[in-house]
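J.: return atomic coordinates for the entry below.
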Amino acid sequence: MSYTFGVVFFVVALLVSVMLHEAGHFSTAKKFGMKASRFFVGFGPTLWSTQRGETEYGVKAIPAGGFVKIVGMTDLEEIEPGDEDRAFYKQPAHQRLVVLAAGSVVHFIIAIVLLFLVIATTGDILKAQTTLTIDSVSRCVPLDPNEAACKSTDPAAPAHGKLQSGDRVVAVNGRSVPSYDDLRAQISASPGRALALTVIRHGQQMTVNVTPYAVKQAGKTIGRIGVAPLVRPAPVSVADAVPRTFTTLGTMMADTGRALGQLPHQVSQILENKPRAPTGALGPVDIARVSGQIAQAKVSFGERLANLVAIVAQLNFFVGVFNLLPLLPLDGGHIAIVLYEEGRRRVYRLFGRRDPGRVDLMKVMPFTYAVVAVFVGLSLLLLYAGIFNPVTIQ
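T.: So this is what the prediction gives:
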């Protein structure tokens, strides 16, 4: 699987997810008898279109998403004669809420289905299982246990140039090792003493001699060679995959809330050109690059594909939550207005007063423009960071 495959996989998955989002709005609007006049893939100049019934379907030049045109999304637009009763804003509140929420619901369904498939076929992505396969080899052995990056004063790693990513250790000094914990214990107990590691590399067995570097840690002298193990999801049965899927969604919800809360800090890090972590704010360029790196990882094709699918699931879940934020022009902003109008109408009715009608959207337009400006600015900033200060996975 190549780097290009990972990038293309992400781009196609993103476009499909966006179109399914729009299909959610489209299908529910049609179900309730609203008029959906256009359903297009992409933006910009029209490359191709065809009329099917009352809806025009087509493809536009810029493949950056899609849109559905539902007649009368607001009472500001002009409605053609004969379409007044089918206008969106004239429909019952519960129907409008369903149509508005349908896009995010589709994202959640995509996330649930993809996560279940990943967990059922690959394992629990939240519960890691350390293996005897080498994931990465460091250039140094950090003398400070709290520092991961190499410093100029750190000694060279004994494994650097000898072990490789993808090597599987099967024995130490001729004795088999049952687990990574056992391997680590033997390395830790052998500072300054040569070890003969039997490894499997590209299907061939070979011996690699390393001498663990002595490092003082918590008052003890232990050995380190500068390798990190490959971590894989813990195996899960199909039956257990169902509750694990929703446990994972709960974790994603907490992570999404944390990510949104840390967004100002992430923006400041980008502006200061500081190194960016894969767990921070990411744009499409970053995610595409990470997808390409995952596609090149030295694990099985199934694991690489599962990791790519998991990224798509996480992205759909995040977009679903983000889209429900009560800010115009997001769907969540329109939902908030419908809920406010319905709540106000019921309160007025309770006190015997006349229905005050719909919210004057012209009064909230300045705020909407401000939100759009922030979104555009953030998108451009993440695009810049993705090109000039990209994140990487180790």
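
J.: which SSE is immediately downstream of the host helix or strand of residue 129?
T.: Assessed by DSSP states H and E, residue 129 sits inside strand 124-137. Using DSSP H and E, the helix or strand that directly follows strand 124-137 along the chain is strand 168-172.

J.: grab the most central residue of this protein for me.
T.: residue 315 (3.2 Å; C-alpha atoms, centre = their mean).

J.: and for the helix or strand hosting that one, what's in contact with it?
T.: Per DSSP H and E: residue 315 is located in helix 301-323. Applying C-beta atoms under 8 Å, 6 or more residues apart in numbering, the contact partners of helix 301-323 are 1, 6, 9-10, 13-14, 17, 21, 103-108, 110-111, 114-115, 117-118, 121-122, 125, 232-233, 249, 252-253, 256, 259-260, 287, 290-291, 294-295, 297, 330-332. For the C-beta atoms, the positions are set from N, CA and C on the backbone; glycine is no exception.

J.: give me the buried entries from those residues.
T.: Taking 16 or more other C-beta atoms under 10 Å as the criterion, what is buried in these is 1, 6, 9-10, 13-14, 17, 21, 103-104, 106-108, 110-111, 114-115, 117-118, 121-122, 125, 232-233, 249, 252, 256, 259, 287, 290-291, 294-295, 297, 330-332.

J.: on that earlier part again, after the helix holding residue 315, which helix or strand is next?
T.: helix 331-350.

J.: that following helix - contacts with which helices or strands?
T.: When contacts are defined as 3 or more C-beta pairs under 8 Å, 6 or more residues apart in numbering; DSSP states H and E, helix 331-350 packs onto helix 93-121, helix 361-388.

J.: which of the residues in it are buried?
T.: Buried residues in helix 331-350, defined by neighbour count with 16+ other C-beta under 10 Å: 331-338, 341, 345.

J.: would you turn the residues you listed into CSV with pLDDT?
T.: Shown next, in CSV, are the buried residues of helix 331-350 (pLDDT from 0 to 100):
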residue, pLDDT
331, 93
332, 95
333, 94
334, 93
335, 96
336, 95
337, 94
338, 94
341, 92
345, 92
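
J.: now, which of these sits nearest residue 366?
T.: Nearest to residue 366 among the buried residues of helix 331-350 is residue 333, at 13.7 Å by C-beta to C-beta.

J.: now the closest one, nearest residue through space, not along the chain?
T.: Of all residues beyond its chain neighbours, the one nearest residue 333 is residue 327 (4.8 Å), with distances taken as C-beta to C-beta, 6 or more residues apart in numbering.

J.: you'd agree that neighbour is up against residue 371?
T.: Yes. Counting by C-beta atoms under 8 Å, residue 327 does reach residue 371; the two are 5.1 Å apart.

J.: common neighbours of the two, please.
T.: residue 333.

J.: hang on, the earlier thing: using CSV, write out every CA atom in the strand holding residue 129.
T.: C-alpha atoms of strand 124-137 as CSV (Å, rounded to 0.1, in the frame of the first residue of the first chain):
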residue,chain,number,x,y,z
ASP,A,124,-10.2,-2.7,20.4
ILE,A,125,-8.5,0.5,19.2
LEU,A,126,-8.6,1.9,22.8
LYS,A,127,-6.9,-1.1,24.4
ALA,A,128,-3.5,-1.5,23.0
GLN,A,129,-1.5,-4.8,23.0
THR,A,130,2.2,-4.5,22.9
THR,A,131,4.0,-6.8,20.5
LEU,A,132,7.6,-8.1,20.0
THR,A,133,7.7,-6.3,16.6
ILE,A,134,9.8,-3.2,16.5
ASP,A,135,7.9,-0.1,15.5
SER,A,136,10.6,2.5,15.5
VAL,A,137,14.3,2.8,16.3
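
J.: show the average pLDDT along that strand.
T.: For strand 124-137, mean pLDDT is 83.

J.: give me the below-cutoff pLDDT ranges for this structure.
T.: Applying pLDDT under 70 to the chain flags residues 1, 145-148, 298-299, 392-394.

J.: can you list the domains in it?
T.: Following automatic domain parsing, one gets these domains for the chain: 1-35+71-123+241-394, 128-233.

J.: looking at these, which is closest to residue 65?
T.: Using C-beta to C-beta, those put domain 1-35+71-123+241-394 closest to residue 65, at 4.4 Å.

J.: what residues are up against residue 210?
T.: Per C-beta under 8 Å, 6+ apart, neighbours of residue 210: 158-159, 162-163, 194-195, 197, 225.

J.: 6 Å instead?
T.: Going by C-beta atoms under 6 Å, 6 or more residues apart in numbering, residue 210 touches 158-159, 195, 225.

J.: got the contact list for the helix or strand harbouring residue 252?
T.: Element membership for residue 252 (DSSP H and E) is helix 238-261. Applying C-beta under 6 Å, 6+ apart, the contact partners of helix 238-261 are 115-116, 119-120, 124, 126, 236, 317-318, 321.

J.: out of those residues, which are buried?
T.: Buried by 16+ other C-beta under 10 Å: 115-116, 119-120, 124, 236, 317-318, 321, out of these.

J.: next one: phi and psi at the most far-flung residue of the chain relative to its centre?
T.: Farthest-out residue of the chain from its mean C-alpha position, per C-alpha atoms, centre = their mean: residue 352, at 49.2 Å. Dihedral angles of residue 352 (phi, psi; degrees, to the nearest 10) stand at phi 70, psi 30.

J.: before we move on, what about residue 57?
T.: When quoted as degrees, to the nearest 10, the phi and psi of residue 57 stand at phi -110, psi 140.

J.: just checking, it touches residue 37?
T.: No. Residue 57 lies out of contact with residue 37 (C-beta atoms under 6 Å); the separation is 10.7 Å.
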